[in-house]
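> with the sequence up front, the predicted model follows.
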Amino acid sequence: MLWSVLFYLMGSLKALTILQLIMREDNGLTGFFFSVDDFEYLLAFGLPEIIRRKKETHQNKIDVLDVGCSTGEATYSLTTVILEALHLLGESEKKWEVDVLGIDKDSIRTSDSFRGYYKRSPRIGALLEGPLSKIRVEDYFEERYDHWAEFKMGPACIVKQSLIERTHFRCEDIEVYTPDRDFDIIRCMAVLRYCNNPSKVLEKLYGNLNDGGLLIESDFSNLITERYKPVYRYVYKKL
Ligand SMILES: C[S@@+](CC[C@H](N)C(=O)[O-])C[C@H]1O[C@@H](n2cnc3c(N)ncnc32)[C@H](O)[C@@H]1O
């Protein structure tokens with residue numbers, strides 16, 4: 001009897017895990033530092049190279065595009081790693097212009113991102129938690145009471161001004177949107193699968209990526225041709 005109850009429970013848990021994975025795939029959620037390895041690559045290698053190149057050409061500006069940003073956690077994480085990379089290289093963030101643009105075709109998602117409020121759970125994170133270290137939480141979040149946030153999601157934290165002022169969101173469909181500038185990094189994770197014409201979107205992103213810029217893409221790496229060099233997991237460098 002006891003064994004059959006245990007087997008039943010284990011079976012239910014497994015079904016629950018599978019269900020959660022399916023939901024994560026389909027409900028368009030993201031998370032802080034999602035996927036973490038690619039962010040660590042940016043911090044250790046990708047950004048130092050971009051920053052060095054920019055310094056050589058006296059362009060103290062870093063432009064980043066996050067396509068399909070959903071609720072914005074990964075977009076804020078991009079801004080976080082840029083500021084961290086500048087600090088690690090001894091650069092003053094005041095001397096650098098950092099502009100991270102998140103776009104999503106779903107306006108409800110981008111409106112949430114704009115406010116920078118995230119549910120405060122055991123660790124800070126939105127509906128999906130990300131691997132936020134204690135130091136990152138202290139550096140980039142503050143607790144703040146806000147009636148709207150409390151009503152909507154319970155205890156909440158807001159990302160600090162240093163991130164908010166460098167991170168912008170727009171409601172745009174990448175299949176029709178024409179960016180008005182080029183980018184040093186374009187992140188397009190788990191988005192092309194929803195596009196009618198992924199190769200056309202990839203073509204557009206290629207056109208809007210600076211030479212030597214990085215594309216972070218997870219769905220259609222087979223469409224990423226000899227114009228990129230794979231450098232790490234989902235990261236490709238424009239040749
Ligand atoms: C699975 S989520 C990926 C979230 C995020 N990119 C990540 O991986 O951390 C897909 C997101 O892409 C958005 N999306 C789908 N098609 C899009 C399009 N054509 N233009 C802009 N966003 C799109 C959806 O609204 C959704 O928020």
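Right, received. Where do you want to start? Numbers count the residues shown, from 1 in each chain.

> for the closest residue to the ligand within the chain, grab the count of nearby residues.
Nearest residue of the chain to the ligand: G68, at 2.7 Å (Cβ to the nearest ligand atom). Where C-beta positions appear, they are placed from N, C-alpha and C, glycine not excepted. Using other Cβ atoms under 10 Å, G68 has 24 other residues around it.

> mind listing what it touches?
By Cβ atoms under 8 Å, 6 or more residues apart in numbering, G68 lies in contact with 28, 103-105, 174, 188-191, 194.

> only the buried subset of those residues, as a ChimeraX command please.
One line in ChimeraX is enough to select the buried ones among the contacts of G68; burial here means 16 or more other Cβ atoms under 10 Å:
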select :103,104,105,174,188,189,190,191
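
> so which of the contacts of G68 are in strands?
Among the contacts of G68, the members falling in strands (DSSP state E) are 103-104, 188.

> re earlier: I'd like the contacts of G68 written out as JSON lines, with distance to the ligand and pLDDT added.
As requested, these are exported to JSON lines (distance: Cβ to the nearest ligand atom, whole Å; pLDDT from 0 to 100):
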{"residue": "G28", "distance to the ligand": "3", "pLDDT": "71"}
{"residue": "I103", "distance to the ligand": "6", "pLDDT": "96"}
{"residue": "D104", "distance to the ligand": "5", "pLDDT": "96"}
{"residue": "K105", "distance to the ligand": "4", "pLDDT": "95"}
{"residue": "I174", "distance to the ligand": "4", "pLDDT": "98"}
{"residue": "C188", "distance to the ligand": "7", "pLDDT": "97"}
{"residue": "M189", "distance to the ligand": "4", "pLDDT": "95"}
{"residue": "A190", "distance to the ligand": "4", "pLDDT": "94"}
{"residue": "V191", "distance to the ligand": "4", "pLDDT": "96"}
{"residue": "Y194", "distance to the ligand": "4", "pLDDT": "95"}
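
> how many residues are close by the closest residue to S70 other than its chain neighbours?
Leaving out its chain neighbours, the residue that sits closest to S70 by Cβ to Cβ, 6 or more residues apart in numbering is T30, at 4.3 Å. When neighbours are counted by other Cβ under 10 Å, T30 registers 26.

> next one: phi and psi at T30?
phi -130, psi -170 (degrees, to the nearest 10).

> near the ligand, which residues of this protein?
Those residues of the chain that sit near the ligand, judged by Cβ under 6 Å from any ligand atom, are 28, 30, 34, 67-68, 70, 74, 103-106, 109, 173-175, 189-191, 194-195.

> from the centroid of the protein, which residue is nearest?
A74 (2.4 Å; Cα atoms, centre = their mean).

> from K94, how far off is that residue?
Counting by Cβ to Cβ, to the nearest Å, the separation of A74 from K94 is 25 Å.

> now the element after the helix or strand of the chain with the lowest mean pLDDT, going C-ward?
Every helix and strand of the chain was ranked by mean pLDDT, DSSP states H and E. The lowest is helix 2-26, at a mean of 47. The C-terminal neighbour of helix 2-26 among helices and strands, as given by DSSP states H and E, is helix 36-41.

> which positions in the helix or strand just after that following helix come out as buried?
As assigned by DSSP H and E, the chain's next helix or strand after helix 36-41 is helix 47-56. By neighbour count with 16+ other Cβ under 10 Å, helix 47-56 contains the buried residues 47, 50-51, 54.

> one step back: ok, the residue nearest to S70 touching E73?
Yes - counting by Cβ atoms under 8 Å, E73 is a contact partner of T30 at 5.3 Å.
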